[in-house]
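*Asks:* Sequence first, then the predicted structure, then my questions.
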Amino acid sequence: MTHKYTNNLINETSPYLLQHAHNPVHWEAWNSKTLELAKKSNTLIIISVGYAACHWCHVMEHESFEDVTVASVMNNNFINIKVDREERPDIDQVYMNAVQLMTGQGGWPMNVIALPDGRPVWGGTYFAKEQWMNALNQISELYKTEPEKLEEYATKLEHGLKSLDMISINKEDPLFKTEFIAHVLDNWTNYFDNKRGGMNRAPKFMMPNNYHFLMRYGYQNKEENIIEFTNNTLTNMAFGGVYDQVGGGFSRYSVDEKWHVPHFEKMLYDNGQLVSLYADAYLITKNDLYKDVVIETLEFIERELTNGNGAFYSSLDADSLTESGTLEEGAFYVWTKESLKLILNEDFSLFSSYYNINNYGFWEHKNYVLIRNETDKNFVKKENISLETLKEKKRKWQSLLLKEREKRERPRLDDKVLTSWNAIMLRGYVDAYRVLKDDKYLEIAIKNGNFILNNQLKENGSLFHNYKDGKSTINGFLEDYATTIDAFITLYEVTLDEKWLNNAKALTDYCFDAFFNDTNKMFYFTSNDDDDLVSKTMEYRDNVIPASNSILAKNLFKLSHYYDNTYYLKTATTMLNNVKPEIETYASGYSNWLDLMLNFTEPFYEVAIVGENYKNIIEQLNASYIPNKIVVGCKGESKLPLLKNRYVENETLIYVCVNKVCNLPVKEVDQAVNQLNKHR
């Protein structure tokens, strides 16, 4: 059967889908019309999922989807659907679960064959051309001769999928103790790479939330070994090639154990979270390396991933064109010794010592990835130069190399805007402002917050997930709400503009209306308004981005304090208790939940600031790392429960409360900090 339609991706806005718009494969986007066609014509479906910055997605496209022979088999036997996993994380999650059940592993590109009703029967990740052709021919033949076999398998797999990602209510009393966290950490530390930082394996992902939790736990419990491990990890990540030593910003992960050679794509969500992490790390340690990482990463975001209306783009591709016109991973970022000598002249020797243009920094094909392996303090001592001289040299080197790099063919930009990733980056800017006090960071954060309110918030109080070319088309997922609520709470805490807090509460209440499962008190990933997929998932395991349920539970905990809302607190407590049995088995997959647990095991403070001088007080208060607090405040009267009847004319007072008990108000920040630290 040959379909009369052709490749229809040209009508899409996703850069990833548009990359496939000229394949000979008759691609369709995921929509009700395409799914209905599959059912009506009783045709098997190929669901191929990837994203714009994915190297192996491009390889499979070139080998198979651009090949006329392969396309012919696909077009004659299947309805072919291309999915951008970043636009449709719901579809990605359902079929990724299926692939993991079928093969024991997952990744991208992901390719699944499904029955006409969408139920999966076969799948995997990257396939070489011959493997792909063989599989297509075998399954299409089986569907013609023995369709009942595929039907039977699909039914079994469907049952498996529906039991996955579901969580039962935990009927045991919610008991959250520091001892439980310490026990979980004892197991987790067995996997630490105490020499190079991170986990003891390759590839190495940054996993910012893991280190945010570990840093907080170490600091609050005076666990020197945890503090040392976290700082070692942050230092080695910042020294590594996984961090762009020339232009700032992090790649997605390193392929080796020493954080050297990255998988070169740069993702917005990694960099947003890492800015927050390094900002807090700088607040605690005053280590200038961490400060430099924050500043340089935000310079990268502003230069390469920000559009004119305050929104942030999604990613930069790993691949770019070499001088000979070949698409190659990392081509934009790597350097040969000869080119560096020409650019740096008499500085080459010092530069090559600092960034290891030697066996330690060598990658392949005469290319070097810049990597450091000692502190500036040790380096200047060894080279017998001053710290000021080194800093001046570094500024000059970065400027020269950045200018030279701009002459190269740039990596492809995924210029779609995702609400969830924008909210993560918004929070990064707020955290950078809170710590470094640069007003520009706050201006950018507010501009992005207003972009979300003006473009992604619908009249009925729900959110869109995507934005491209002035259009928002996909209904928001739980990740969009959870991250936006979190970002708006942090924005409120530095501005005390109640607009942000009120919007955070309104979005939270919408989540209860549209996503809540009243049986287990958790939240579905997709709203009740969305079309049903093969299974309805609940995202509760933390990954490179924390799970939407764990972010939302933390939001509910904070908002319960802001609004004196016992239902929010009860829900957050139940959610945390539900996942508690799983935390022991795989702590790194629940680090955001563990961070929430610290809010229960340590005293949690409400700091209310009332009076004309509130902004100055907040700035002074933010000079201390106090993760177990919320901040609320106003110039005069406010209806917020924590601010009622607290305004005193011509005074600015600070109230510190814990467990509904308040200390006497004080006027000086150091007095308030002493009250906050007395339980530490």
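*Replies:* Cool, the structure landed.
*Asks:* where do the strands sit along the stretch 201-350 of the chain?
*Replies:* 204-205, 253-254, 262-263, 266-267, 315-316, 319-321, 327-329, 335-336 (DSSP state E, counting those that start in this stretch).
*Asks:* Tell me the secondary structure of Y467, please.
*Replies:* Taken by DSSP: H, G, I helix; E, B strand; the rest coil, the conformation at Y467 corresponds to strand.
*Asks:* Over to P174?
*Replies:* coil.
*Asks:* follow-up on the earlier one: can you tell me which of the strands of the stretch 201-350 of the chain is packed in deepest?
*Replies:* With neighbours defined as mean count of other CB atoms under 10 Å, those peak in mean count at strand 315-316, which reaches a mean of 27. C-beta here means a position set from N, CA and C on the backbone, and glycine is covered the same way.
*Asks:* What are the contacting residues of that strand?
*Replies:* For strand 315-316, contacts defined as CB atoms under 8 Å, 6 or more residues apart in numbering pick out 51-53, 86, 265-268, 304-305, 411-414.
*Asks:* swap in stretch 373-393?
*Replies:* 235, 239, 288-289, 347, 350-351, 353-354, 356, 360.
*Asks:* what do you get for stretch 641-658?
*Replies:* Against stretch 641-658 from outside (CB under 8 Å, 6+ apart): 561-564, 603-614, 617, 621, 632-634, 636-638, 662-663, 665-669, 671-672, 675-676, 679.
*Asks:* Buried members of those into ChimeraX, please.
*Replies:* Applying 16 or more other CB atoms under 10 Å to the contacts of stretch 641-658, the buried members can be selected in ChimeraX as follows:
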select :561,562,563,604,605,606,607,608,609,610,611,614,617,621,632,633,634,638,663,665,666,669,672,675,676
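*Asks:* Now do the SS call for the residue lying closest to N8 once chain neighbours are set aside.
*Replies:* Spatially, and ignoring its direct neighbours in sequence, N8 is nearest to E28 (5.4 Å; CB to CB, 6 or more residues apart in numbering). Secondary structure assignment for E28 (three-state DSSP): strand.
*Asks:* So E28 sits against K82, correct?
*Replies:* Yes: if you go by CB atoms under 8 Å, E28 and K82 touch, sitting 7.5 Å apart.
*Asks:* Compare those two (neighbour count), which wins?
*Replies:* Neighbour comparison, E28 and K82: the larger count goes to K82, with 27 against 24 (by other CB atoms under 10 Å).
*Asks:* Helix, strand, or coil at the more buried one?
*Replies:* strand.
*Asks:* going forward, begin numbering at 27 instead of 1
*Replies:* I'll keep to 27 as the first residue from here, and by that count the last item is K108.
*Asks:* OK, contacts around it?
*Replies:* 35, 42-43, 46, 53-55, 74, 76.
*Asks:* low-confidence ranges in the protein?
*Replies:* Scanning the chain for pLDDT under 70 picks out 27-31, 191, 704-706.
*Asks:* mind redoing it with 80?
*Replies:* 27-31, 189-192, 673, 704-706 (pLDDT under 80).
*Asks:* Run through the helices of the stretch 227-376 of the chain in chain order.
*Replies:* 234-246, 250-265, 294-311, 314-330, 363-370, 374-380 (DSSP state H, counting those that start in this stretch).
*Asks:* one step back: any idea which of the contacts of strand 341-342 is the one closest to W214?
*Replies:* Nearest to W214 among these: M293, at 25.0 Å, using CB to CB.
*Asks:* now the closest one, which residues is it bridged with?
*Replies:* Counting by DSSP bridges, M293 forms beta bridges with S341.
*Asks:* Is it in contact with R278, as I believe?
*Replies:* Yes: the criterion here is CB under 8 Å, and M293 meets it with R278 at 5.5 Å.
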